[in-house]
Structures are given as structure tokens and as C-alpha cells.
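Asks: One predicted model, sequence on top.
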Amino acid sequence: MRSSVIVFPASNCDRDIAVALEQISGSKPDMVWHGETSVPSSDLIVIPGGFSFGDYLRSGAMAAQSPIMKDVISKAKAGTPVLGICNGFQVLVESGLLPGALMRNRDIKFICKDVFLNVERNDTIFTRKYAAGETVKYPVAHHDGNYFASPDVLAEIEDNGQVAFRYASEDGEVSEADNPNGSLNNIAGIYNKELSVLGLMPHPERLISAELGGSDGVLMFESLVEAFA
Amino acid sequence: MSEKEIMNNEGGMSQKDLIPEPVEITDALIAEHGLSGDEYVHLLEILGRVPSSTELGIFSVMWSEHCSYKSSRFHLKKLPVDGPQVIQGPGENAGVVDLGDGVAAIFKMESHNHPSYIEPFQGAATGVGGIMRDVFTMGARPVANLNALRFGEPDHAKTRHLVNGVVAGIAAYGNCMGVPTVGGETNFDKRYNQNILVNAMCVGLADTDKIFYSAAKGVGLPVVYVGSKTGRDGIHGATMASAEFDDETDEKRPTVQVGDPFTEKLLLEACLELMNSDAIIAIQDMGAAGLTSSSVEMADKGGVGFTMNLDLVPQREDGMTAYEMMLSESQERMLMVLKPGSEPAAKAIFDKWDLDFAVIGETTDTGRLIVHHKGEVEANLEVATLADSAPEYQRPYTKTAKAETITADDIPPTNNITETLIKLMSGPHLSSRRWIYQQYDHMVMGDTVQRPGGDAAVVRVHGTNKGLASTTDVTPRYCYADPYEGGKQAVVETWRNLTAVGATPLAITNCLNFGNPTRPEIMGQFVGCLEGMGDACRALSYPIVSGNVSLYNETNGVGIPPTPAIGGIGLIDDIAIQASLVFKTEGDVIILIGDTQGQLGQSLYQELQTGDFAGAPPSVDLSTELKHGDMVRRLITAQKVSAVHDVSDGGLLVAIADMAIASGLGAELRAAPDDIAAEAYWFGEDQARYVVTVPAENKDAVLTELQTAQIPANEIGVVSGSDLIIEGADSLAITQLTERFEAYLPNLLA
Amino acid sequence: MKARITVTLKNGVLDPQGKAIEHALSGLGFEGVDEVRQGKMIELSLADTDKTVAEARVKEMCEKLLANTVIENYAIEMVE
């Protein structure tokens, strides 16, 4: 699998995702600086977590206007899969590749902890190795992860099956008690209509071995490797 | 203006003859600069003339307590700073310790107390930013942040605001930098009501052959300014950090700096990128006292002079004077001395990261710091004098009187051990700190193998199987009651915490927070704590490699309890072989290692029962600590134990409760032995103790090994079920205990 | 010429910071504050001399970057 990781000023999970991609796919991703104007030909483009441009103005807003994003958007529209994690998800909604917006967490505070997620569908390139209806543990670490969309957009997302992950209890029960940030419908991640672009707040790249506290993230990358084999 | 033109300004005159215009001296002006009358006389003697305004400013910051350590230096010199593992001890931006295989840990702790009280968010944020700069200045990528925080009593009017602000500030800065905040401690005590303590520690990793120092060796080299632009931020921050608070402190608000973690993240990446080349001869962070202390230290250590033209300094505001630029504490700036000819390549890196890069001067053979601004010479001072002439005081001190030993008979007894445990675990001292550490990204960088909440945090040395353990500790109430024992205890508690995760303790940094040193009793606390720390470090071969002193933590004459916060680091050879406090398996046998006399003086139990702390703190026997700790580490390395926790605040039952809460598993415990009062047994804070669990089949072997080594060890119970059951006492569901343990801080602070 | 842009959350969009401020105000004893909405103010110094042209440019800036029109409204005030 050939992948490219877009690096913005103050991206800070770029190394983490590169480590995960190399560990699981066996090949190092290309690290692409935001000032470039074209992404090398890749099976997968990743927009990593971090605080691009300091999260100033709005998380992801300035990164979405970076020179490289024109090419990311055009490649995504042409079908190249894009994965945005945390700040990467914020960049994807700000750039219009995904619907909705990510607002300040319900409790105002930055939150870093393990959460449980329901994998809503396992027929996508990102989730094909997960079992149907599986509940997985990924960590979250964000200040602006409160997913919002207008009622009609939200209905459309739900109707189209665009919800990728939902915050849940360890047993897979979805309720407000397990919603860490106030996201509508407990949404932790969504796809575009074509299921080729995924944005999610939790960090699959952080739990990729037992010594780090779990390895539920591995299957996402194995899914992608299998999809591009 | 080019560098050549800077020099040409001096024409044919000898450099010494360039005398700046003297300032009009008044008593008020001297006082505003934090100088005593005697100190000003001393200044006049050295200089042989009346200083210019800029020169007076430079002297005031160089002679401030913060920069000169004038009250503490004499005593600091007695601390042990050497060891085979030490690459760099105190005196540089941070200490450096060898981790083997070509990797070094670079670390330091620093206070940002006064700014954090005035503006908690920015004060704490810039404290975190400053300590990270100290670490990456030396070539290390920061990999772990920790924070030792002290606030006033929980229900004090300002506490909620201060805790919220400080924690949010630490989070904002560290999270944006992408450096995990993995550990620390938080205390509440009324004696910090008006003087909170915010001590930030940073640990970084560097290749041993790529460590950068501040000595600007060589003449004719470009002096380069990089990072953010200079504004009027924090002018006189260093002198403020050395002054007592009074009721008008609120007026000092404008001197607090604003942090910009985004710029610092860029500065980190740009500096590390430049450090991959051989362009840098010397580099120094512009921290407290900004351009003044960085240029003086670099020139002094290199044995050279600096000529600088402030017209070339990147400026954020119009009309700044030389005085303001030399004293500004604008954040996210560095001063470097580069190899001549390397400037274009270096500039290209800083351009890429959108940071200012300006050649502002050069090194000279004059040994003088000469500052030009707008065609005038604003300062012309001998570097060596400036660096070495700061006053050194041997302030008079009176040693703290020894307090009486407290026994169980001196304290109204509890009739319900279980209820007492719940009260302790759900109160300000021992309740869960999750509300705090959940606001810190403690997993970024993908190497955190022991998260906050344990004895020590562990991050993997990236790309290896080694683990770097870190912790911060001090028990201020012990230090107050007996500075010498308290100083020892602070050091040994970090050592025990590192040991409890299976690490070999390597070295410490510290933040010495005290009251007004001109009061003999405060100075007595300082001297006592340092003696205790020094003895502990020597006994444990655990040297001090960096640190910081924060004095004058007083308001209206009331000082804080002595708080020498210690930050320790240790090395785990293989993270597959480490320990945590989490109970692992039902049926594991619980063993208490160490002797229990039931020392209740200064204990949390005593405060719960009597409303106050009194008497002598627990005594620390260093050879016992060494013996017990080394044995625990051996047991961990031999994989004979399944869980380990050091016994400290709150005593034995609290330690067991911690282990139960962390696992969700309960325990069945035997009753206290007959020869000791139950409350003294369960809640005494005797030192040199660990609780370990061992699989039942290892029990006899482990007990025999301990016995053979003549280490007191007792089987006290077994991991079992989901309740805590103490023989002869009420049982307690771990879920209930956990709920109470987790509820305290959110209820207090949200 | 200066432009002052006020960005606020649209009605109906939850404003957690506004709620926190409301809570804090009531904690401080300020009663009768029914709702708090937090926004931001952005001030631009512009080289333009023609107010109409300037205002059109600022509107474009708001649409493209300064506000996220999924959740935010903006108002532009031109100051001579």
C-alpha cells in the first residue's frame, strides 16, 4: 500500500501515523508538506492529528486552505481514499470533503481517554477486517470533537449509512452517558457518500500494540492493506 | 545594516570608551529594579561610573534572585551533581543523563509560580513552553511533560479559578506541542492560598553525539536571533519572580507573557532540523530576562564578547527602547551563534517554518557586551563581571526545631477503618486526579506505556524496547515539620516510585520553592531541606543534574511550606519487564515489604481525625530505602511479582485501595497485628515500604528471598473478588470506593 | 480602512462556551442572565480606499475562511 501523509505546521500525530502505517503495511508513507501543490500518486492519503496552524481561528480552517488541499480535494473527488484522524477530520469538514462541523466539546475541556466505538458497517475499505457490529477501543484526544450537522444533513448522513463509528459503552450500547463530547447521534466518524473518505475523532494509530494498552486500531490499517493488495 | 556596519559604528575608538549616557539615579529607580542600596553601591564600584538606563536594567535582571541564585548559590554548591551516568550537570539549560546505546535524556523542572497566580492560564502555559525550550535548546526532542502543582485549600474562593486556569494552560501548550503530559502531582493546602506553585518538568531524548551547549566559543561569529518577534511582554518578569506579593499584586498584571504554542512547535521543528547540520556553535533559549541573560551566558561561557545591534531585532511593537528589548520576556525565541557562512542555509530552514531569523550581532575578542540601538551605544559592560559579580549571600538561618513524635494515643481513634478509608480516598489529598490528566494529551507520540495514575509514568524510548520512567514528588508538610527529613523523603519518594515500575533511578531535577530567604526561619527550612536532599542523593547514587529556585513565595509575610519538588527519571531496560500497581489476578498473594511502626505524625489520618497536621514526620532511613528498593527492583526484573505499589501518603490501606481501584479487583486482608494499633498500622506513613502481589505459587520463594536478605516482609492478604474485606471491619465494594474516589475533583472544579 | 467582523454561532447551534459563561455568571451571583452566546471579533486593516470594493472583499474572506457557514453567522462593519 502506497500512502501519503499530509504535514501541516503543527501537525503532531504525523510521526504516529507514519509509524502505524509502516508497522502494518510494511512500507513508509510519503510525508507531504502542506506548501506542496501535488500529492504523489498514492493508494491512500492521510491527514493526521495535531493542531494545524495552532487551531487558531477554528480547528482545521486554515489547513483546509493550504496549497496542498486543492490536490487532495481533486484526488479525493476522483476516488483516491482519504483518511482524516482528529485534526484531520476537522480539516476534512472544513474543506467540504465531509459534511457537518466539529465544535468545542460539550464540557469545554480537552479530553484524552480511551473510548469505545461501534463499527457501524464493515463493508468499507477502512473496516472490512472488523466484525459486523464490533465494538472497539480507540483513544480520543481533542478539544473540538463535538459533531454537528443541520437536521436535514444529519438525516441524510444517517439515511445514506455514512456514519462510520458511534461512541458506545464497552458492550456496544449507544447512550448519552458514553458520548464524550456531545456529538449528535454519538457520531465519532463519518464517510462521504462514496465511502472513500473517512474522518474520525478517535485515534486508531494510538492503539496498535498491547504495550500501548490495546491493538484495536490495527484492523483498520489491515483493512486498508487488504483493500489495496 | 550588515554585521560589518555594526562594527563600524565604533569607528576608531577603543571599545571601552563607548560610554552610554548615564541614567538619572533616584532611590525609587533603584528600588524599582529590585536592587538594595548596598547592591547599587556594589554596581557603581564594578562599573566605575553611573550606568545607563539599559545597563541598570541588565544588572537588575542578572542580579535578580531568579538569574543569580544569590541567596541559594552557597548552599546549592553542596549538592551532589556527579555520577557515571551524568553527561551534563547543573549550569546548562538542562541536565543530561546517559541512557546507553548512544541516547541521552535531557531534563529539567522549572517554576512559574508568580505568573500563574496572576494569570493562571497564561502563566502555566508559558511555564510549560519555557521548560520545553530549555530541553530542545540542547538538541533533545521533548517526550514527556510532568507538572507539580500546589493550590490553596479546596474551598478557598480562588482555588477553582486557579486550578481550572492552570490545568487548561498546561493542556493548551503541551497538547499543541504534541508532547504527552504523563505525570505529576497536585496538592491542596491553605498555606498556598495566596501563593500557588506551578512547577513544570520536561524530559527529552537526544543522541549523545548531538547535544548542544550555550558556550559561544570563537570570535567573529554571527549572533542570530530566531523565533517570535520581540514585544514588551514580561518586562521585569525575572525581578517579579523574586519579589514577595502584597495586596497590590494585581497591578502587576501587564508583565505576564502570552504563550504561543503554535510558534513554539514550529521553533522546535526548525531547531531540530538545523541541529541535523553542523551550523550551530552555541544556542540558548531566551527565557527569563530574555536577550540579556542569553547573551551574557553565551558570551561568558565562550569567553568572548558580544556586539549586538538592536535595530536588527525583529520587533512586534513600534518605538521599543533598548532597555525594553534587552529585558523583554517575549516567548518562543532563541539566540544562536552559528558557523560563519552557514547563515543562508539556516535562514532557509527558518523561512520554511515561517519564523523570524535575524543576524543581530557578532562575537568579539573584547570580552564586552556592547549594545547599539539607533546609532547610540546603550550598554557597554564587561561580560565576565556581569556574569560573576552577582552578590552571593550567606543569609543567616535558624534551624527548625525538632518536633515531637506522635503515636496513636495522641490522636482520637477511628472506630471504623473502612469509613476512614473512604473519607481519605474521596478527599482533596488522595482522590483521583483524572479530571486533571484527562485534559492533557498523554498518549501523543505513540510511546506512552504507563499512563498517568500510577507510581511513575513510562514512555518507550522511541524505536527501542527501553522505557523512560518519570515522576515528581515532595511532601511539603513533612518538609515544614522537619526540613531535613522532608528533604530526604522528597528524594526517596521519587526513587521509590521509579523503582515500583521496575526502573533503575538515574538522576533528579528539582524546583526549590520557599518563602522569603531574608527571614532566618525560612532560610533554615531551605538549608535543612537541601541537607536532606543531598544526603539522600548521595546514599542512593542519584545525583541532581538541573534545577531551579523560587524564593519569596510569601504574601503579607506568610510563607508557603517548604516545597522542594523533585523530578526523577529512571530507565527500564525492557518494557516487557516492568511493573504497575494494578492487581492482576485473583488469588495473588499480597505482601507488605518494609517495617511498620505506625508513624502518624504529619499523616493524612492525623489531619482527618484532628483537623491539622502536627508532630514529627516519618523518619527516613536511607540505607533501608536502598536495600528495600533494590530488592523490589530485583523481584520485578526476575518477574516474580505481579503488581507493585509504593506506600506513601495515607499509608498501607490507601496503597492497597489504589491497587484495587486501578484493577476493579478486591482484596481480603488480615487484621492488623496485635502489637500495633489498627489505625496506626493501616494509616501510618512509615517509609521504605512497598506492597507487592505475587502469584500464589511464587509466594514461598519470594518470602524466603526477602527473609534471607533480612528485609521485613509479611503476607497480609490475597487479591480476591470485587470487595475490600478487612478482617474485623466492614467490607467495601470497590465500585463504591471508585465512585467516591473519582467524584471529588469533578464536584469541586466543574 | 478598517473592517470589523463579528462571528457568532447560528441560532440553534449549541454554544458550550456560552453555556459555561452563563453558568459562571450565575455562580458569581449575577442573576437574570437568560442566555449567553459567545463569538469572536476579527479586525482587519485594509489598504482599500473604496468602501464598496473593500466590503465585497471582506465578505469573500468571511465565506472562504473567517467563518464556517455551516455553524456560524458573520456581520461586517466597515470603519473609516
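Replies: Yep, it's here. Residues are numbered from 1 along each chain as shown, chains lettered A, B, ... in the order given.
Asks: What are the buried residues along stretch B:268-277?
Replies: The neighbour-count check on stretch B:268-277 (16 or more other C-beta atoms under 10 Å in any protein chain shown) flags B:268-272, B:274-275 as buried. For glycine as for every other residue, the C-beta is placed from the backbone atoms N, C-alpha and C.
Asks: To clarify, my last question referred to stretch C:1-18.
Replies: Those would be C:1, C:3, C:5, C:7-9, C:13, C:15-16, C:18, for stretch C:1-18 by 16+ other C-beta under 10 Å.
Asks: Does B:His234 touch B:Gly259 like I think?
Replies: One correction, residue B:234 is Gly, not His. No: using C-beta atoms under 8 Å, B:Gly234 is not in contact with B:Gly259, being 10.8 Å away.
Asks: Contact partners for the residue in chain A positioned nearest to chain C?
Replies: Using C-beta to the nearest C-beta, the closest approach of chain A to chain C is made by A:Ala101 at 4.4 Å. Neighbour list for A:Ala101: A:93, A:147-149, C:68, C:70-71 [criterion: C-beta atoms under 8 Å, 6 or more residues apart in numbering or on different chains].
Asks: let's see 10 Å
Replies: A:Ala101 is in contact with A:58-60, A:90, A:93-94, A:144, A:146-150, A:153, C:13, C:68-72, counting by C-beta atoms under 10 Å, 6 or more residues apart in numbering or on different chains.
Asks: near chain B, from the residues you listed?
Replies: Of the residues in the contacts of A:Ala101, proximity to chain B by C-beta under 10 Å from any C-beta of the partner chain holds for none.
Asks: Average pLDDT for the helix or strand containing B:Gly570, rounded please.
Replies: Assessed by DSSP states H and E, B:Gly570 sits inside strand B:563-572. If you average the pLDDT over strand B:563-572, you get 98.
Asks: likewise stretch A:143-150?
Replies: 97.
Asks: Kindly report the residues of chain A close to chain C.
Replies: Proximity of chain A to chain C, by C-beta under 10 Å from any C-beta, involves residues A:57-62, A:64-65, A:93-94, A:96, A:99-109, A:146, A:148-151, A:153, A:181-182, A:184.
Asks: Does the strand holding B:Gly570 reach chain A?
Replies: No: using C-beta under 10 Å from any C-beta, strand B:563-572 stays clear of chain A, with a minimum separation of 11.3 Å.
Asks: Can you mark which positions in that strand are buried?
Replies: So for strand B:563-572, counting by 16+ other C-beta under 10 Å, buried means B:563-572.
Asks: Direction included, what does the next helix or strand after it pair against?
Replies: Sequence order places strand B:589-593 as the next helix or strand after strand B:563-572, per DSSP H and E. In the sheet, strand B:589-593 lines up against strand B:690-694 (antiparallel), strand B:713-719 (antiparallel) (DSSP bridges).
Asks: Could I get those strands in a markdown table, plus columns for mean pLDDT and mean neighbour count?
Replies: As requested, the strands paired with strand B:589-593 are exported to a markdown table (pLDDT from 0 to 100; neighbours: other C-beta atoms under 10 Å in any protein chain shown):
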| stretch | mean pLDDT | mean neighbour count |
| --- | --- | --- |
| strand B:690-694 | 98 | 26 |
| strand B:713-719 | 98 | 20 |
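Asks: Compare those and give me the one nearest C:Ala54.
Replies: Among the strands paired with strand B:589-593, strand B:690-694 comes nearest to C:Ala54, with 70.9 Å by C-beta to C-beta.
Asks: what distance separates the start and the end of stretch B:434-448?
Replies: 16 Å (C-alpha to C-alpha, to the nearest Å).
Asks: for the record, mean pLDDT for that stretch?
Replies: Averaged over stretch B:434-448, pLDDT sits at 98.
Asks: Stretch B:33-52: which residues count as buried?
Replies: Buried-residue list, stretch B:33-52, by 16+ other C-beta under 10 Å: B:33-35, B:39-40, B:42-43, B:47, B:50-52.
Asks: Repeat that for stretch A:115-134.
Replies: Here stretch A:115-134 shows A:115-122, A:124-130 as buried, counting by 16+ other C-beta under 10 Å.
Asks: cool, stretch A:73-85 as well?
Replies: Buried-residue list, stretch A:73-85, by 16+ other C-beta under 10 Å: A:73, A:75-76, A:80-85.
Asks: same question, stretch B:519-531
Replies: In stretch B:519-531, counting by 16+ other C-beta under 10 Å, buried: B:519, B:522-531.
Asks: Throw those residues into CSV and include secondary structure, thanks.
Replies: Formatted as CSV, the buried residues of stretch B:519-531 follow (DSSP: H, G, I helix; E, B strand; the rest coil):
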residue, secondary structure
B:Arg519, coil
B:Ile522, helix
B:Met523, helix
B:Gly524, helix
B:Gln525, helix
B:Phe526, helix
B:Val527, helix
B:Gly528, helix
B:Cys529, helix
B:Leu530, helix
B:Glu531, helix
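Asks: which one of these is nearest chain A?
Replies: B:Cys529 (34.3 Å).
Asks: what residue ranges in chain A score low on pLDDT?
Replies: Within chain A, not a single segment meets pLDDT under 70.
Asks: Please, which helix or strand holds the closest residue to B:Val304 other than its chain neighbours?
Replies: Using C-beta to C-beta, 6 or more residues apart in numbering or on different chains and skipping residues adjacent in sequence, the residue nearest B:Val304 is B:Thr363, 4.5 Å away. In the assignment (DSSP H and E), B:Thr363 maps to strand B:356-364.
Asks: Parallel or antiparallel, which strands does that strand pair with?
Replies: strand B:222-227 (antiparallel), strand B:305-309 (antiparallel).
Asks: Could you pull up phi and psi at the one residue in the stretch 351-500 of chain B that gets nearest to chain C?
Replies: Proximity of the stretch 351-500 of chain B to chain C (C-beta to the nearest C-beta) peaks at B:Gln439, 14.3 Å away. Dihedral angles of B:Gln439 (phi, psi; degrees, to the nearest 10) stand at phi -80, psi -10.
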